[in-house]
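Asker: quick one, what's the 3D model for this:
(one chain, ligands or ions: 1)
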Amino acid sequence: MQLDDLIVYHGGEFKPYPEAKLGLLTHAFNYGTGCFEGIRAFWSDDSAELYVFEPTAHYRRLAASAKLLLMDLPFVPDQLADITAELCRRNGFRSDVYIRPVLYKSEETFGVRLDDLEHDLSIAAFPNSKYLDSNEGVKACVSTWRRLDDNAEPARAKITGSYVNSALAKSEARLNGFDEAIMLTDDGHVSESSAANLFVARDGTVATPAVAHNLLEGITRRIVAQIIARELGVPVVERAIDRTELYSADEVLMCGTGVGIAWLRSLDHRIIGTGAAGPLATTVARVYDDVTRGRDTRFNCELRAVHNTPALAPA
Ligand code: PMP
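Answerer: Sure, this is the predicted structure:
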């Protein structure tokens, strides 16, 4: 990736990446006092168009994270979605893109606090279609690191500093020969992976950890639950899930903006189900791909066109 060629949004304007600089004493750099989003734009060959996926939902979540950190967004979510599409347009992207807005305490000052500090928004975007190489299934372990608690550093908000918790788990997993870590809450229930939500299929039922289990309320999670209910006719139950339910599951899915839809091949050296992609993973991945590229509009997802290319005439 040639970073120098990118256009980013920084300090209220579009500018080349090399001109978007931060000072050494920037509060967020020193104390992790920022919040962020991960958004994707998906390229559609059918309509020769790039679609930013669910941008308003992502900016609404950013506004909620910001509120917790005593910040506010400089524009309403709908305007930020427009700025994001404009950023993709200015970069001339014609492939899948990852978009990273960060709202951060921008003051160059000293002292741990959240109040009485200036903040600013930056948005970077770059071509990218894969976060995890998951075609063969994910080899996961349960992390020895517990998921941070709502009363310590709320996982519901996507806080930059909180991702050290995810990074500790992810690196422990990688260094021990796994691809990914599943994190438990302090009371030992399944929460989520380092950067994705989970669904567990057992004996014809599908469950996902309830939101009180210290997880990020994923936008993909919401859509996947709708896909499972509609496409497979199985309502998703939100509840507390034990670690050992995962070992005996027929399928465990991971989902998120970065990861997309992935399935666990094994957990702690136990094969999950048959060790191959099951019907849940296969169906959800196919429908999610159709939804994100505008081929399936049944789920009323927001797809904001970047280039506004007229639809291709039928051959
Ligand atoms: N949990 C965590 C910890 C994450 O970082 C992410 C990625 N944003 C998710 C879940 C999935 O959320 P979403 O579907 O909104 O991307």
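Asker: now the helices for the stretch 151-300 of the chain?
Answerer: Counting by DSSP state H, counting those that start in this stretch, the segments of the stretch 151-300 of the chain that form helices are 163-175, 219-232, 243-247, 279-292.
Asker: for the helix or strand following the last one, give the mean pLDDT please.
Answerer: In this case it means helix 279-292. Heading C-terminal from helix 279-292, the first helix or strand you meet, by DSSP states H and E, is strand 303-305. Along strand 303-305, the predicted local confidence has a mean pLDDT of 97.
Asker: do the same with stretch 218-233
Answerer: On average, the pLDDT along stretch 218-233 is 97.
Asker: could you give me the buried positions within that stretch?
Answerer: Buried residues in stretch 218-233, counting neighbours by 16 or more other Cβ atoms under 10 Å, are found at 218, 219, 220, 221, 223, 224, 225, 226, 227, 228, 232. Any C-beta I mention is one placed from the backbone N, CA and C, and that applies to glycine too.
Asker: center of the protein, which residue is that?
Answerer: Using Cα atoms, centre = their mean, the residue of the chain that lies closest to the mean C-alpha position is residue 257, 3.8 Å off.
Asker: is residue 129 in contact with residue 95, as I believe?
Answerer: Yes: taking contacts as Cβ atoms under 8 Å, residue 129 lies within contact range of residue 95: 7.2 Å.
Asker: Three-state assignment for residue 67, please.
Answerer: At residue 67, secondary structure determined by DSSP: H, G, I helix; E, B strand; the rest coil is helix.
Asker: how far away is it from residue 121?
Answerer: Summarising the geometry, the distance separating residue 67 from residue 121, computed by Cβ to Cβ, to the nearest Å, is 14 Å.
Asker: between these two, which one's more packed in?
Answerer: Looking at residue 67 and residue 121 with other Cβ atoms under 10 Å, you find the greater number of neighbours at residue 121, namely 22 against 13.
Asker: identify the residue nearest that one in space, chain neighbours excluded?
Answerer: For residue 121, the nearest residue in space outside its immediate sequence neighbours is residue 103; the separation is 5.0 Å by Cβ to Cβ, 6 or more residues apart in numbering.
Asker: and the pLDDT at the one you found?
Answerer: Confidence for residue 103, expressed as pLDDT, is 99.
Asker: got it, and residue 310?
Answerer: Residue 310 carries a pLDDT score of 55 in this model.
Asker: okay, now the closest residue to residue 153 other than its chain neighbours: neighbour count?
Answerer: By the measure of Cβ to Cβ, 6+ apart, the closest residue to residue 153 outside its immediate chain neighbours is residue 162, 5.0 Å from it. As a burial measure, the neighbour count of residue 162 was computed by other Cβ under 10 Å and equals 20.
Asker: got the residues of the chain near the ligand?
Answerer: Along the chain, the residues adjacent to the ligand under the rule Cβ under 6 Å from any ligand atom are 38, 166, 192, 195-197, 216, 218-221, 256-258.
Asker: taking those together, which two end up most distant?
Answerer: Spatially, the most separated pair among the residues of the chain next to the ligand is 166 and 219, at 17.2 Å (Cβ to Cβ).
Asker: who is the closest residue to residue 248 other than its chain neighbours paired with across the strands?
Answerer: Of all residues not flanking residue 248 in the chain, residue 202 sits nearest, at 6.8 Å (Cβ to Cβ, 6+ apart). Here residue 202 sits in beta bridges with residue 205, as judged by DSSP bridges.
Asker: confirm for me that residue 202 is in contact with residue 245.
Answerer: Yes: look at residue 202 against residue 245 with Cβ under 8 Å: they come within range, at 6.5 Å.
Asker: sketch out the low-pLDDT regions of the stretch 201-315 of the chain for me.
Answerer: 309-315 (pLDDT under 70).
Asker: tally of neighbours for the residue nearest to residue 218 when sequence neighbours are not counted?
Answerer: Leaving out its chain neighbours, the residue that sits closest to residue 218 by Cβ to Cβ, 6+ apart is residue 197, at 4.2 Å. The burial metric for residue 197, expressed as a neighbour count using other Cβ under 10 Å, is 24.
Asker: if we can go back for a sec, quick one, phi/psi of the residue nearest to the residue nearest to the centre of the chain when sequence neighbours are not counted?
Answerer: Distances taken as Cβ to Cβ, 6+ apart put residue 38 closest to residue 257, at 4.7 Å, once the chain neighbours are dropped. Residue 38 adopts backbone torsions of phi -120, psi 120, taken as degrees, to the nearest 10.
Asker: give me every residue that touches residue 38.
Answerer: Contacts for residue 38 were tallied using Cβ atoms under 8 Å, 6 or more residues apart in numbering; they are 58, 98, 99, 100, 256, 257, 258.
Asker: with that, I have no additional questions.
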